[in-house]
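Chemist: I'll drop the sequence and a predicted model, then ask my questions.
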Amino acid sequence: MTAKPTRPRPTRIQAIDIFRGLSILEVVSHHVLGFSIRYAEVGSNLHAFLIFMNRTLHFAVPAFLFMTAVVFTQAAVLKPFNVKRFYWGRIKKSLMPYVIWTVLYGVYKIYAFGGDLLDWQKWLFWLQYGKGYYHLYFLLIALQFYALFPLFVPLWKRKERHFWRVVIISFVLQIAIYLINKETDIVHFRYPATMVWWYIPALALGMYFGSRYREFEWAWRNYRLYIFIGAAAGYAFYLPLAFNAMIGLQVNNYQYNIAHWIFTTSFALMLFGLAHSFARAPEWFKGPLAFLGKHSLQIYLIHPVLLDGFKKLGYPDSTILFVLTFVAYIVLALLIPLGLAYGIRNTRLSVWLFGR
């Protein structure tokens, strides 16, 4: 990666929105698949296919973190970075929605499934580990990243950075943290997947390309085949382990985690490249994806309540009707939150709930 383009690309903002749109499609589909599997007959082709798709669509959190790192690093290196302004913005736009949604989902969970509303230890646990509901841990990881981000800004403002050095160092650090957490008493993360340290490769590459965005655009135009090959290799490594784990077979935890880091990081890069290609597509194709991306956080936060209702409705016995119902659930889980978010746009309620 020596030569870099000098002509600015006009599609960056839309490419970022398209990336988020593709990612939220993946999130909702993955979550619908998660409860749909139990309605398919065990051992059937449909059951196997649903598990296969569920494990394939298992890269949302690293992908969103990758994009978060890209966006914030790009902004930090292009203009003077004000730490105080950055933290205050994250308090208003990230911490506040996290606390509000933890309260909302906590109340909902107690009402729907039982519990003591005044159990402060439970509330503290939910806030500490992102356990207010199963999807809120992403907001907690993002908050951890924001807390640490100013420490990394000087590093990414430097010019002498090399892609493969970043890749190797990030994976070495990731494996070291895994081994320290697994094999020693130095640290022990109670829920590793809720910790920012569990996503180092995705965040490191996001910061790398955020600090030199043009280099990614150039690499995608010239080396996209190699990115596809890398993503396919990571996928081939991960899928058999993930599938076996889903059907109850024993898998090596060390191999599984390494495979998952390679798979999710390579897929984030591939998705990022596809988003840039799609940004040059006709408006009828890229427009809806970008629109979904602009409201991806709103969809992410609201859709689990709808899925709880879909679980009660279940599925018909017919395979064809099962698939049609599955697609309908995905569409509704996207459109209903989108409609609600769009309806309260530019209001104070939207700022409180979504930070925007």
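Modeler: Cool, got the structure.
Chemist: once you drop chain neighbours, what's closest to the residue most central in space within the chain?
Modeler: By Cα atoms, centre = their mean, the chain has its centre lying nearest to Val61, at 2.3 Å. Leaving aside its chain neighbours, Val61 sits nearest to Phe138 (5.3 Å; criterion: Cβ to Cβ, 6 or more residues apart in numbering). C-betas here are computed from N, CA, C, even on glycine.
Chemist: wouldn't the residue nearest to the centre of the chain be in contact with Leu203 here?
Modeler: No - because the distance of 11.1 Å does not satisfy Cβ atoms under 8 Å, Val61 is recorded as not touching Leu203.
Chemist: so who does the residue nearest to the centre of the chain touch?
Modeler: Contact analysis of Val61 by Cβ atoms under 8 Å, 6 or more residues apart in numbering lists 137-138, 141, 193, 199, 264.
Chemist: what about Thr347, how many neighbours?
Modeler: Neighbour count of Thr347, defined by other Cβ atoms under 10 Å: 10.
Chemist: output the contacting helices and strands for whichever strand or helix holds His31.
Modeler: For His31, the enclosing helix or strand under DSSP states H and E is helix 12-36. Applying 3 or more Cβ pairs under 8 Å, 6 or more residues apart in numbering; DSSP states H and E, we find helix 12-36 packed against helix 45-56, helix 60-78, helix 253-278, helix 283-294, helix 296-313, helix 319-343.
Chemist: quick one: low-confidence ranges for the stretch 151-300 of the chain?
Modeler: 159-160 (pLDDT under 70).
Chemist: again, only using 90
Modeler: The model of the stretch 151-300 of the chain has pLDDT under 90 over residues 153-166, 181-193, 211-228, 230-231, 246-248, 253-254, 280-284.
Chemist: before we move on, the earlier item: for the helices and strands packed on helix 12-36, give me CSV that also has distance to Lys182.
Modeler: Shown next, in CSV, are these (distance: least, Cβ to Cβ, whole Å):
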stretch, distance to Lys182
helix 45-56, 22
helix 60-78, 20
helix 253-278, 8
helix 283-294, 36
helix 296-313, 30
helix 319-343, 35
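Chemist: ok, which of the ones you listed comes nearest Ser29?
Modeler: Minimum separation from Ser29 across these (Cβ to Cβ) falls at helix 319-343, 5.5 Å.
Chemist: what comes into contact with that closest one?
Modeler: Outside helix 319-343, the residues touching it (Cβ under 8 Å, 6+ apart) are 24-25, 28-29, 31-33, 36, 39-40, 46, 292, 295, 298-299, 301-303, 306-307, 310, 315-316, 350, 354.
Chemist: what angle separates that helix from helix 283-294?
Modeler: Orientation check (axes from the mean of the first three to the mean of the last three Cα atoms, to 10 degrees): helix 319-343 against helix 283-294 gives 70 degrees.
Chemist: helix or strand right after helix 319-343?
Modeler: Next along from helix 319-343, by DSSP H and E: helix 348-354.
Chemist: roughly how far out does that following helix sit from the chain middle?
Modeler: Centre-to-centre, helix 348-354 and its host chain are 21 Å apart (Cα atoms, centre = their mean, to the nearest Å).
Chemist: do stretch 283-296 as well
Modeler: Relative to its parent chain, stretch 283-296 has a centroid offset of 17 Å by Cα atoms, centre = their mean.
Chemist: now stretch 297-314: buried residues?
Modeler: Within stretch 297-314, the residues scored as buried using 16 or more other Cβ atoms under 10 Å are 297-307, 310-311.
Chemist: CA atoms only: put it into CSV for me.
Modeler: Only the C-alpha atoms of stretch 297-314 are listed here, as CSV (Å, rounded to 0.1, in the frame of the first residue of the first chain):
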residue,chain,number,x,y,z
LEU,A,297,-29.3,2.8,16.3
GLN,A,298,-33.0,3.5,16.7
ILE,A,299,-33.8,0.2,15.0
TYR,A,300,-31.2,-1.6,17.1
LEU,A,301,-32.7,-0.3,20.4
ILE,A,302,-36.4,-0.8,19.7
HIS,A,303,-36.6,-4.1,17.7
PRO,A,304,-36.2,-6.6,20.6
VAL,A,305,-39.6,-5.8,22.1
LEU,A,306,-41.2,-6.7,18.7
LEU,A,307,-39.3,-10.0,18.6
ASP,A,308,-40.8,-10.9,22.0
GLY,A,309,-44.2,-10.5,20.4
PHE,A,310,-43.2,-12.6,17.4
LYS,A,311,-42.0,-15.4,19.7
LYS,A,312,-45.5,-15.7,21.0
LEU,A,313,-47.0,-15.8,17.6
GLY,A,314,-44.6,-18.5,16.5
